[in-house]
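please work out how this folds:
(3 chains)
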Amino acid sequence: MTGGFGRILRMLSATVLGAIVAAGLLADLIAPWPYERQFREFTNAPPSSQFPLGTDDLGRDRFSRLLHGTRISLLLAVVAAVLATAAAAIIGGLAGYYGGRWDRVVTDGTDLMLSLPWLFVLLTVRAMLPLDVAPAASVAITFALLGLLDWAGPARIVRTGVRETLDSAFVLAARSRGLARPRILLYHVLPHLVPVLTAQFWISIPIFILAEANLGMLGLGVTEPLPSWGGLLRELESQSTAILSLSVPLWLLAPVGVLLAVVGCFQILSTTEVTS
Amino acid sequence: MSNVLRGLRRILVLVVVVGLLSATFARFAPGFDVDQDQLDARRSEDSLARLREARLSDGNVVQFYAKTLVGYLRGDLGFSRSMGQPVGDLLKSRLVPTAMAAGTGLAFAWLAGLLLSLIAVFRQNRFFDSGTAVFNGFLLCVPASVMALLLLLFLGSQGAFPAGIAIGLVLCPRIFQYARNLFQQGYTATHVLAARAKGLTGQRIFLGHVLPLAAPQLISLGGVSVSQALSAAIPMEMILNSPGIGQLAWQAALARDLSLLIMVTLVMSVAILLANMVSDLLVHHLSREQHS
Amino acid sequence: MKKFLGPCLLLPALLLALGPQKPGGELRLALQAEPRTLDPHLAADEPSDLIRYLTSGVLIRLNRRTQRLEPELATSWKLSDGGRKLAIRLREGVKFSDGSPFTSQDVVHTFQRLIDPARNSPVGDGFRPGSGHLACQAQGDYAVSIEFPEPLVSVEKLLDGVAILSSGSSQPESAVLGPFYLAERKPGVYLRLQRNPNFWKRDDRGTRLPYLDSIRLEIQRNRDFELLRFRRGEFHLINNLDAQAFERLKDESAGGLLDLGVSTDSEQMWFNMTPAAPIPAYKKAWFRSRNFRRAISEAINRNDIVRIVYKGHAAPAAGAVPSSNRFWFNANLKPPAHKPSAALARLAQDGFRLQDGLLKDSAGHDVEFSILTNAGNKSREKMAAMIQQDLKAIGIRVNVAALDFPSLLEKISRSFNYEACLLGLVNVDLDPNLQMNLWLSSSSNHQWNPNQKSPETPWEAEVDRLMRQQASDPDPAQRKEAFDRVQEIVAEEVPFIYLVNRNALAGVSPALENVQPSALWPQTLWNAERMSFSSPLRAGSR
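Presented below is the predicted three-dimensional model:
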């Protein structure tokens, strides 16, 4: 509608997103310090030329940690979101398409997935991993688990969408014209699912990033000294009194800012897709 | 009516499966047969042995199922080891805060989510669109604990109501995102474009064409959002000190308190299954009406 | 920083000197969790124990300020027959909260209940050193004698934890002898303790204690919210503040903050020396080497931990007993200094060598191990990260694994599938007899290598011998000598690498008077019966 503004906004979003991804990928080159190095004489330091975003409780450079955290979290969260969305699409899609017994099995399965206490499965998985599992492997496993466990809700919605589409006049028409099943799925059903799947995909990314940090309670997720966005965001918790008096030093909010930029840019890019 | 009965029968079967599976999960989770009391340096070896014995009496899962089932049939919900109270009493006092919190959260999230998405599709305004994108992004990006702190700051209290608002803030962006995407798609559908070309008013296009297209999936989302609200209740009730089922679930899990845990899981699963059943029935009903 | 705290410590003493006590008011504070039991003989978790402390009467109490025993329901006592017999004279004219009189029958009932194996009371275990039975007999209405099957030399100290129950009441919480009784409970929300109108103690002017009308204990899990509510005046007391929060409050110049000095809590790390542990044999060999353990201990910078993790509100630990435990602390022991080069030299004695910045053992294995700790404890996670960096400096790679508590317990007490563990001991009792199960090699709480059939090392055999000797020696000086030696052996052999002793940090509302905080549990609350509000109006308004 407001074409010029939309285009500029889109380009801007793409640039910001590209810059963040590039910064994450090139963390080793850009980061001024190793992410685990503790400058014990400079704990909780404010930003300076030496430490662009200051240092954390243990004197580690926040900027370097943010860069490395970006690489790990962004990459893995996207992979996990793809995993969850694909599982939802395939499982929900098949149930909706074939109906009958398939449908019953899948709905029962999704309902079980939604009701069971998965916490214990996560605990058991952690117990089966060795204690000296490398920090990077631990994060990767955590995101994989998140991706594998969080498809049931969207699968249910996908299933409804597929059933509706199959019952709709134009698919009935296509069927009566004798169109092959795969073609119907690809050209008529899938486009109808795009809004649900994109919604799920974009929401999943920040949710997974935060969930990774919460799984730290169970011994999953990132371990010292590796940084992740979730872990960096959780450091905000220790600023509770500052938050309560609304006097959080701005540089501490950098991880929220970057995550927000990523999610916002994704959103802007995705809405353009849908409307155009 | 027969659909409802069939649905209820299915729920009954699923609930039994959930109970069996969750007991099994908990039984085989690490740390089931240990107790923090075992680190008590005052305890003698005899006393430690007795503690272990008591702990392992729940150890055989099959026996435990049988014992628990018989108890349930007699109306005895068991005794919570970690809280030192009968499970029935614990649940009774805690159902209301969670029902209130989840109810508040769902109402808030659906109202806010639908309203925002409606504005987004009605007023195709880039600024507004980016604005809501950023706002939703913010809600998605803030850790639950920080959100709870901010709520405490603005509402000045803790308990079921703030926990409800917190749940609402967690769910709102999800509902917004789904609803907006679905509505937007509705507007691009061919027959809606045709209706537009015929010069129908915005309201009539929305109510007559866009909403019916989006409704089934939104109703499904409605069912699923109940389970999302209940899982959001676990951290929010913990952080905002609301003595509900979610808080109980977390404590039971950390203490590996089998009797309590199963009952909490069952209560939650009944709510989730009922919500999904109702949404399925609604969708079914709608599509029959539409196609008849 | 220390200078700053001097005036803070004087404050309560000054308040004490102010005018007459005004009764009334409700004291409000937070409990971090729901009490697991209301049975005072079963209390083991902190909230249950606090309710036990505030509601029940004991025969003898440990004064948390002087660390000396004081008569409560017992007016005098005498331990004879080498610690086998305890004769107690009881206070007369005392009534339970329900109005029934307190007599020797109640004491007999209490002990019978306490040592009942079916009840499995952790307090009762202390009175059963061997397999025999304790016999408690009434000698008239106001005297009892207790005979033990084996000498129990520090039995008076155990009595500080024994709640005396009424023989006429089946519910232990319905008739109490403490300053308060449990009047109301809303599970998950709060407990309200009401002033016991029959409490026996009076102040110097003859006014019946306690001054406070009630104590409201609100279940408040989130410590950030507890802080906030303390700042708003909704809570009057806050115990066990963590150093970060303490410093932040101080920055905001919130009043009433007290650093009570070193507490009895300690943070320590140990290596898994269990022979059956499912870990590689070469690692077991490292962990069983004294040189290796001492080198690790020397490579850790305790001063940095104190400064960074505890913001100075802790002390580097010298050994098993913190300096706050005045009688039993061995003043000859000093905290190990941070000497990475000495650590490397010590490791070289065992054939370890540094190669390209990595430490290798004599067979060429890279030296790396994992430290297990409990998730959710921020101080411990930070300490682990600091130890990681300290050990990296001598070429050791450390992995930190934080697990939820039951999973951790399973590893350290069942499967023994761990390499090193970082954990703390809290609210440690002052007397070594209450730590017997930690030191005896046969015990399951002998963390580094539990349940030994016979001591596997000569030094553990010596520790066993000294611990048993001090347990039955009636002479305090000789007991002290034996336990000093235990502390020295532990410092030499380092089965536990003691890191720091936390300070007890507390916040006390300026409206409260007569607070005599102590670094010993329950810190600010230990003399709750004498606390009062400077003005009842102020207490009521908030």
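
thought residue B:48 was touching residue C:444?
Yes: if you go by CB atoms under 8 Å, residue B:48 and residue C:444 touch, sitting 5.8 Å apart. C-betas here are computed from N, CA, C, even on glycine.

what ranges does the stretch 101-250 of chain A have for its helices?
For the stretch 101-250 of chain A, applying DSSP state H, counting those that start in this stretch gives helices covering A:119-128, A:135-149, A:152-167, A:169-176, A:181-184, A:190-214, A:229-234, A:240-244.

lowest average pLDDT across those?
Ranked by mean pLDDT, those bottom out at helix A:240-244, which scores a mean of 70.

so after that one, what's the next helix or strand?
Moving toward the C-terminus from helix A:240-244, the next helix or strand (DSSP states H and E) is helix A:254-275.

at the geometric centre of chain A, which residue sits there?
Among the residues of chain A, the one closest to the centroid is residue A:205, at 1.6 Å (CA atoms, centre = their mean).

would you mind naming what in the stretch 1-150 of chain A lies close to chain B?
Counting by CB under 8 Å from any CB of the partner chain, the stretch 1-150 of chain A comes close to chain B at A:1-2, A:5-6, A:9, A:107-108, A:111-112, A:114-117, A:119-121, A:123-124, A:126-127.

and stretch C:115-133 with chain B, contact?
Yes: Stretch C:115-133 comes into contact with chain B (CB under 8 Å from any CB), by way of C:117, C:120, C:122-123, C:125-126, C:128.

isn't residue C:326 up against residue C:65?
No: between residue C:326 and residue C:65 there is no contact under CB under 8 Å: 11.0 Å.

only the buried residues of the longest helix belonging to chain C, if you could.
Longest among the helix segments of chain C by residue count, using DSSP state H, is helix C:476-493. Buried residues in helix C:476-493, counted by 16 or more other CB atoms under 10 Å in any protein chain shown: C:479-480, C:482-487, C:489-491, C:493.

would you turn those into CSV with distance to chain A and pLDDT?
Shown next, in CSV, are the buried residues of helix C:476-493 (distance: CB to the nearest CB, whole Å; pLDDT from 0 to 100):
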residue, distance to chain A, pLDDT
C:479, 40, 92
C:480, 38, 93
C:482, 37, 94
C:483, 34, 94
C:484, 34, 94
C:485, 35, 95
C:486, 31, 95
C:487, 30, 95
C:489, 29, 95
C:490, 26, 95
C:491, 26, 94
C:493, 25, 94
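
between the residues you listed, which is nearest residue C:380?
Proximity of the buried residues of helix C:476-493 to residue C:380 was ranked by CB to CB; the top entry is residue C:490 with 21.2 Å.

in which helix or strand would I find the nearest residue to that closest one once chain neighbours are set aside?
Leaving aside its chain neighbours, residue C:490 sits nearest to residue C:320 (5.1 Å; criterion: CB to CB, 6 or more residues apart in numbering or on different chains). Following DSSP H and E, one finds residue C:320 outside all helices and strands.

and the gap between residue C:320 and chain B?
12 Å (CB to the nearest CB, to the nearest Å).

what does chain A have sitting close to chain C?
So chain A meets chain C at A:36-38, A:40, A:43, A:57-59, A:123, A:126-127, A:131-135, A:216-219, A:223-225, A:237-238, A:240-242, A:244-245 (CB under 8 Å from any CB).

among the helices of the stretch 101-250 of chain A, which comes closest to residue B:236?
helix A:190-214 (12.3 Å).
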